[in-house]
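Enquirer: A predicted structure for the sequence below; I have some questions about it.
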Amino acid sequence: MKCDLNVKNSKSARRTLAAFSGALFELLEKQSLESVTISILCEACDYPRATFYNYFSDIYDLLDYCMSLIQIDLDIEKYKEVPEGGRTKFLFGIFYDYMTDPESWFSKAMVNNPPDGCFVREVRAYIKKQIGLIMNELNASDKFPVDSTIMIEHYGSTIELILSHSLMAPEPISREQAMYMVDFLLCTLERKVQK
């Protein structure tokens, strides 16, 4: 992502970033990601294309930025306050609750974005990337007798799979069922390693 969230931006830059992210949020509530072009986006927020490219490489870069804003709003960092054995379920619960909330931007965007489309693919990739970053930050994967890249991929893929079945399956699974699956498929491993 071209835009660094850890850097304090000028007032002008913050206004520009807010305009682009706000426009993408609004556009995705009305149309699919595939149909949103840089021209349409720039027209919606009244900025030239050159300004867009000062901040973002492409539309997917902006989508990553938007998801980072959501992650900040969800206060994902609270997982650090949760005792070690409960972090996975805590993080999954935050993602699950947000993504199943009919008022969330994600739910509104899903109306016009098919499960096999670019939007869902990018959201899945973003979630897997964030899980990997969190596991690396906590050195969590080092506790397993399996290569850390495999554990990161396992966690990311498992959480993505459970979220997919919770949100997009013909008969979606409930939060209770999803939490049971997280506990069985991931937390069982954590408990085994902690012994």
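Expert: Perfect, thanks for sending it.
Enquirer: okay, CA-based contacts and neighbour counts for the rest of this
Expert: Noted.
Enquirer: tell me the helices in the chain, going along the chain?
Expert: Per DSSP state H, the chain carries helices over the ranges 11-28, 38-45, 49-55, 59-74, 87-100, 105-110, 118-138, 148-167, 175-182, 188-194.
Enquirer: from one end of stretch 103-112 to the other, what's the distance?
Expert: Stretch 103-112 stretches 15 Å from its first residue to its last (CA to CA, to the nearest Å).
Enquirer: go on, stretch 174-190?
Expert: With CA to CA as the measure, what separates the two termini of stretch 174-190 is 23 Å.
Enquirer: name the residues of it that are buried.
Expert: Buried residues in stretch 174-190, counting neighbours by 16 or more other CA atoms under 10 Å, are found at 178-179, 181-183, 186-187, 190.
Enquirer: about what we covered before: so which of the helices of the chain comes closest to Glu81?
Expert: Closest approach to Glu81 among these is made by helix 87-100 (8.7 Å; CA to CA).
Enquirer: got any ranges where the chain has weak pLDDT?
Expert: Applying pLDDT under 70 to the chain flags residues 1-6, 138-142, 193-195.
Enquirer: so who does the residue nearest the centre of it touch?
Expert: Centrality entry for the chain: nearest residue to the mean C-alpha point is Ile127, 4.1 Å, by CA atoms, centre = their mean. By CA atoms under 8 Å, 6 or more residues apart in numbering, the contact set of Ile127 is 156, 160.
Enquirer: and what of Cys66?
Expert: 21, 25.
Enquirer: so can I have a markdown table of the helices of the chain showing distance to Glu81?
Expert: As requested, the helices of the chain are exported to a markdown table (distance: least, CA to CA, whole Å):
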| stretch | distance to Glu81 |
| --- | --- |
| helix 11-28 | 30 |
| helix 38-45 | 39 |
| helix 49-55 | 33 |
| helix 59-74 | 15 |
| helix 87-100 | 9 |
| helix 105-110 | 26 |
| helix 118-138 | 12 |
| helix 148-167 | 20 |
| helix 175-182 | 20 |
| helix 188-194 | 17 |
